[in-house]
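[1] structure of the sequence below:
(2 chains)
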2 protein chains.
Amino acid sequence: MEYIFLNNLDEIKGINAPKSPLGFSKMVKLCESAEMLFDKKGFFQTSIADICRAAHTAVGTFYIYFQDKTAIYNYLVRNYYVVIKRHLNENIAGLKTRLEIECAGLRAFIRFGHTHPQCYKIIWGSSYISPDLFENYYTDFAKSYVRALDKTPEQIIDVDYSTAAFFLMGIANFICLKTIFNKSPLPESKLDEIIADTRKILTEGLFKRKEK
Amino acid sequence: MEYIFLNNLDEIKGINAPKSPLGFSKMVKLCESAEMLFDKKGFFQTSIADICRAAHTAVGTFYIYFQDKTAIYNYLVRNYYVVIKRHLNENIAGLKTRLEIECAGLRAFIRFGHTHPQCYKIIWGSSYISPDLFENYYTDFAKSYVRALDKTPEQIIDVDYSTAAFFLMGIANFICLKTIFNKSPLPESKLDEIIADTRKILTEGLFKRKEK
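    Numbering: from 1, shown residues only, chains lettered A, B, ... in the order given. As a prediction, the model looks like this:
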């Protein structure tokens, strides 16, 4: 996973932002170990000592950046948010219609989740470990979705955009889960089929119209 | 939560099915305490001793039915599956078209989730605590969804039904989350609006058609 030096790092509960690139690289080493161990052993079974051992870092270094184990978890969740958003933005750049944007975004999201299946454990696991963070994750995502939909009302039918945002997030998250459960590589041709079906439902609706 | 004496209780890993109604009532008392504590304190912070104390039950009784803490968790997840399925089936009974069934099912699901928000922690938390169970939960749900869609191909557009199943599960799960994040009661009128919007997207598609 790529870790990003967030501008508002200090705003994440329990984080002391590093002051230098060297400091950030130490923080990243700890994050890599934490993410690997949380995925493999689970959050609660992993100790700060385990994280430091895997990162070849002194325990004292951990506490320079993170107040406790929950703080590093909070950073991982927030980092996913930023990395996923950026990945989506890169993949929709230059696209014109909302439909094109939705399909390209869905494709990028599924590819990301299929490549990084541990993100579900980290993000959905936060419903237990850091409930506020879990809620903020999806409400922030929904807000930015609503802002995006607000820009093209002429292309979208007359529904509540917040409902539409959760509708679209739900589709992306669950269809991506389906590809992960398949436990096999996801060739482009298979992804094409999934996107084509989803596009069809999003444009035509799921139900056949009655013949007139 | 209502706990159901599942026919295949013995098939759940780590469970010894009670032999009598009295045994089942003891098991249920333990489940009620476990569910309350898992929600409040989290799975890992709750001990078997805590569960037994809250249930006013001897620790020995716990081990008659459950091999360990994961076993009682496994039962809670499976019980949710059965309770939610039954709740949905009751609410779609007698409905004729797939569209009517989807809308009534969605309404029932959102009402259930809004009333029992802890089900997200329990079910999604299983991605950490019991990954196979998490996967089975949604793949089983999807399979039964596909079987249902298979019965009315004349009503549904030509897409892969497994993709459609995950599409529909995603919508239900995420729109329900939206109502939980609102942290307020969910009057019927508000639920009506949400269902009407979702119905509209599912029948018309999300995107306006180009004028011809």
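[2] hey, where'd the helices end up in chain A?
    In chain A, helices defined by DSSP state H lie at A:21-41, A:48-54, A:59-65, A:69-92, A:98-115, A:118-129, A:131-150, A:161-181, A:188-204, listed in chain order.
[3] so where's chain A shaky on pLDDT?
    Filtered on pLDDT under 70, chain A yields the residue ranges A:210-212.
[4] how does it divide into domains?
    Using automatic domain parsing, the domain parsing of chain A gives A:9-71, A:73-204.
[5] need those domains in JSON lines (columns: mean neighbour count and distance to B:Cys103).
    Where C-beta positions appear, they are placed from N, C-alpha and C, glycine not excepted. Shown next, in JSON lines, are the domains of chain A (neighbours: other C-beta atoms under 10 Å in any protein chain shown; distance: least, C-beta to C-beta, whole Å):
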{"stretch": "domain A:9-71", "mean neighbour count": "16", "distance to B:Cys103": "38"}
{"stretch": "domain A:73-204", "mean neighbour count": "18", "distance to B:Cys103": "14"}
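[6] now the ones you listed as JSON lines including distance to chain B?
    Compiled in JSON lines, the domains of chain A are given as follows (distance: least, C-beta to the nearest C-beta, whole Å):
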{"stretch": "domain A:9-71", "distance to chain B": "3"}
{"stretch": "domain A:73-204", "distance to chain B": "3"}
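[7] quick one: which of the helices of chain A is nearest B:Gln118?
    For these, the distance to B:Gln118 is smallest for helix A:118-129, at 9.8 Å, taking C-beta to C-beta.
[8] what residues does that closest one touch?
    For helix A:118-129, contacts defined as C-beta atoms under 8 Å, 6 or more residues apart in numbering or on different chains pick out A:35, A:38-39, A:43, A:70, A:73, A:76-77, A:80, A:84, A:112-113, A:133-134, A:137, A:177, A:180, B:42-43, B:120-121, B:124-125, B:127-128, B:131.
[9] and if we set it to 6 Å?
    By C-beta atoms under 6 Å, 6 or more residues apart in numbering or on different chains, the surrounding residues in contact with helix A:118-129 are A:39, A:43, A:73, A:76-77, A:80, A:133-134, B:42, B:120-121, B:124-125, B:127-128.
[10] same thing with stretch A:13-29?
    For stretch A:13-29, the external contacting residues (C-beta under 6 Å, 6+ apart) are A:Tyr3, A:Phe5, A:Leu9, A:Asp10, A:Ala55, A:Thr61, A:Tyr65, A:Gln67, A:Ala71, A:Asn74, A:Tyr75.
[11] endpoints of it, how far apart?
    Across stretch A:13-29, the terminal residues are separated by 20 Å (C-alpha to C-alpha, to the nearest Å).
[12] now it: how far from the chain's centre is it?
    Going by C-alpha atoms, centre = their mean, to the nearest Å, the spacing between the C-alpha centre of stretch A:13-29 and its chain's C-alpha centre is 21 Å.
[13] ok, stretch A:79-92 next?
    How far stretch A:79-92 lies from its chain's middle: 8 Å, per C-alpha atoms, centre = their mean.
[14] what lies in contact with that stretch?
    With C-beta under 6 Å, 6+ apart as the test, stretch A:79-92 has contacts from A:Glu2, A:Tyr3, A:Ile4, A:Ile101, A:Ala104, A:Gly105, A:Ala108, A:Phe112, A:Cys119, A:Ile123, A:Tyr137.
[15] what's the spacing between the first one and chain B?
    When you say that, I think you mean A:Glu2. 22 Å (C-beta to the nearest C-beta, to the nearest Å).
[16] nearest residue to that residue in space, ignoring adjacent ones along the chain?
    Closest residue to A:Glu2 in three dimensions, ignoring its sequence neighbours and counting by C-beta to C-beta, 6 or more residues apart in numbering or on different chains: A:Val83, at 5.7 Å.
[17] and if you look at the second one?
    Residue nearest to A:Tyr3 in three dimensions, not counting chain neighbours: A:Val28, with 4.7 Å by C-beta to C-beta, 6+ apart.
[18] distance of the nearest residue to A:Thr198 once chain neighbours are set aside from A:Thr163?
    Spatial nearest neighbour of A:Thr198, excluding adjacent residues (C-beta to C-beta, 6+ apart): A:Leu106 at 6.1 Å. Between A:Leu106 and A:Thr163 the distance is 18 Å, computed by C-beta to C-beta, to the nearest Å.
[19] do the same with A:Phe174
    Distance of A:Phe174 to A:Thr163, given as C-beta to C-beta: 16 Å.
[20] still on that earlier bit, what's the farthest-apart pair in the contacts of stretch A:79-92?
    Maximum pairwise distance in the contacts of stretch A:79-92, criterion C-beta to C-beta, is 26.8 Å, between A:Tyr3 and A:Ile101.
[21] any chance of JSON lines for the helices of chain A, columns distance to B:Ser144?
    Listed next are these as JSON lines, based on distance: least, C-beta to C-beta, whole Å:
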{"stretch": "helix A:21-41", "distance to B:Ser144": "30"}
{"stretch": "helix A:48-54", "distance to B:Ser144": "40"}
{"stretch": "helix A:59-65", "distance to B:Ser144": "46"}
{"stretch": "helix A:69-92", "distance to B:Ser144": "31"}
{"stretch": "helix A:98-115", "distance to B:Ser144": "23"}
{"stretch": "helix A:118-129", "distance to B:Ser144": "22"}
{"stretch": "helix A:131-150", "distance to B:Ser144": "26"}
{"stretch": "helix A:161-181", "distance to B:Ser144": "15"}
{"stretch": "helix A:188-204", "distance to B:Ser144": "20"}
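[22] and of those helices, who's closest to B:Leu191?
    helix A:161-181 (11.3 Å).
[23] show me the contact partners of the closest one.
    With contact meaning C-beta under 6 Å, 6+ apart, helix A:161-181 is reached by A:106, A:109-110, A:113-114, A:117, A:142, A:145-146, A:149, A:186, B:135, B:139, B:166-167, B:169-171, B:173-175, B:178, B:194, B:197.
[24] quick one: residues contacting A:Gly205.
    For A:Gly205, the contact set (C-beta under 6 Å, 6+ apart) comprises B:Leu202, B:Thr203, B:Glu204, B:Gly205.
[25] now swap in A:Phe44 and tell me
    Neighbours of A:Phe44 in contact, by C-beta under 6 Å, 6+ apart: B:Phe44.
[26] repeat that with 10 Å
    By C-beta atoms under 10 Å, 6 or more residues apart in numbering or on different chains, the residues touching A:Phe44 are A:Phe38, A:Lys69, A:Tyr128, A:Ile129, B:Gly42, B:Phe43, B:Phe44, B:Gln45, B:Tyr128, B:Ile129.
[27] same question for A:Leu9.
    A:Leu9 makes contact with A:Ile15, A:Asn16, A:Ala17, A:Pro18, A:Phe24, A:Met27, A:Tyr65, A:Tyr75, A:Arg78, A:Asn79, according to C-beta under 10 Å, 6+ apart.
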